[in-house]
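Chemist: Give me the fold of what follows.
(one chain, ligands or ions: 1)
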Amino acid sequence: MNRPTPTTLPRTIGVLALQGDVREHIAAVEQLGAAGVLVRRPAELDRIDGLIIPGGESTTMSRLLDIFGMREPLTARLADGLPAYGSCAGMIMLATRILDGRPDQLPLGAIDITVRRNAFGRQVDSFEGSVEIVGIDGGPVPGVFIRAPWVESIGAGVEVLGSAAGHPVAVRQGVVLATSFHPEISGDLRVHQLFLNMVAAAG
Ligand code: GLN
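Modeler: Have a look, this model is predicted:
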């Protein structure tokens with residue numbers, strides 16, 4: 001089978017570093033040959049080819065986005081086509097609608113999904129499973145779910161890449177990817193590789 005040759009150009013991937021498991025994402029992209037940089041200030045958005053929003057606590061991250069003056073510039077960059085990947089809390093941040101969120105919690109609206117926070121249950125109900133992902137070869141990826149959201153509904157342009165418990169947990173719309181689970185703490189780099197391929201294809 002003919003496959004397009006993946007670009008080998010080094011890319012700079014920002015990780016939104018307001019809260020959450022930032023270091024794990026930096027380590028993952030660097031293991032794949034990209035440069036990983038922390039993003040906390042608006043000017044740092046100009047230097048990146050793609051952005052990862054990590055797992056953590058979306059209510060806190062949403063508040064910090066406002067405190068750091070990042071909401072408006074980030075929303076503008078996303079609207080301008082910045083490739084983005086959100087894991088867990090990052091999925092909630094990138095969503096368009098949030099169920100069981102806090103009233104002051106505002107999503108970025110970068111992917112046309114409705115997410116339900118803490119959908120799989122509380123902290124004690126965190127679990128690991130494996131998830132078959134469309135576009136990822138070599139068998140299912142390990143999915144670490146920690147107070148994870150699931151996708152309750154999707155808009156027309158959204159592709160479901162993987163599901164668990166009957167709900168989408170990996171989705172993509174154009175240059176935006178989101179997973180309910182945390183590949184950054186599983187040691188399996190294939191989801192990050194998928195995102196880097198998306199960044200490379202975006203130019
Ligand atoms: N439940 C968290 C939230 O609502 C997400 C948990 C996580 O990122 N592991 O932000």
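Chemist: for the residue nearest the centre of the chain, helix, strand, or coil?
Modeler: Nearest to the mean C-alpha position of the chain, by CA atoms, centre = their mean, lies G86 at 1.3 Å. Three-state call for G86 (DSSP: H, G, I helix; E, B strand; the rest coil): strand.
Chemist: can I assume it is in contact with I52?
Modeler: Yes: contact status for G86 versus I52: in contact at 7.3 Å, counting by CB atoms under 8 Å. Backbone N, C-alpha and C define where each C-beta goes, glycine included.
Chemist: Give me the helices and strands touching the longest helix anywhere in the chain, please.
Modeler: Scanning the chain for the longest helix, with DSSP state H as the assignment, gives helix 190-202. In terms of contacts (3 or more CB pairs under 8 Å, 6 or more residues apart in numbering; DSSP states H and E), helix 190-202 is packed against helix 22-31, strand 50-53, strand 84-87, strand 176-179.
Chemist: Kindly calculate the angle that it makes with helix 22-31.
Modeler: 60 degrees (axes from the mean of the first three to the mean of the last three CA atoms, to 10 degrees).
Chemist: which of the residues in helix 190-202 are buried?
Modeler: R190, V191, H192, Q193, L194, F195, L196, M198, V199, A200 (16 or more other CB atoms under 10 Å).
Chemist: Equivalent analysis for stretch 32-46, please.
Modeler: L32, A34, G36, V37, V39, P42, E44, L45.
Chemist: Closest to the ligand out of those residues?
Modeler: Among the buried residues of stretch 32-46, V39 lies closest to the ligand (CB to the nearest ligand atom), at 17.5 Å.
Chemist: Read off the pLDDT value for that closest one.
Modeler: At V39, the pLDDT value in this model is 98.
Chemist: Surely it touches I48?
Modeler: Yes: with contact defined as CB under 8 Å, V39 reaches I48; the gap is 6.6 Å.
Chemist: low pLDDT regions in the chain?
Modeler: 1-9, 122-124 (pLDDT under 70).
Chemist: What segments of it are strands?
Modeler: 12-16, 35-39, 50-53, 84-87, 97-99, 113-116, 127-131, 141-145, 150-154, 159-164, 167-173, 176-179 (DSSP state E).
Chemist: which one of those lies closest to the ligand?
Modeler: strand 84-87 (7.1 Å).
Chemist: for that closest one, packing partners?
Modeler: strand 50-53, helix 89-94, strand 176-179, helix 190-202.
Chemist: Give me the contact list for it.
Modeler: Contact with strand 84-87 is made by 25, 50-55, 78, 92-94, 110, 175-179, 181-184, 191-192, 195, 198, as judged by CB atoms under 8 Å, 6 or more residues apart in numbering.
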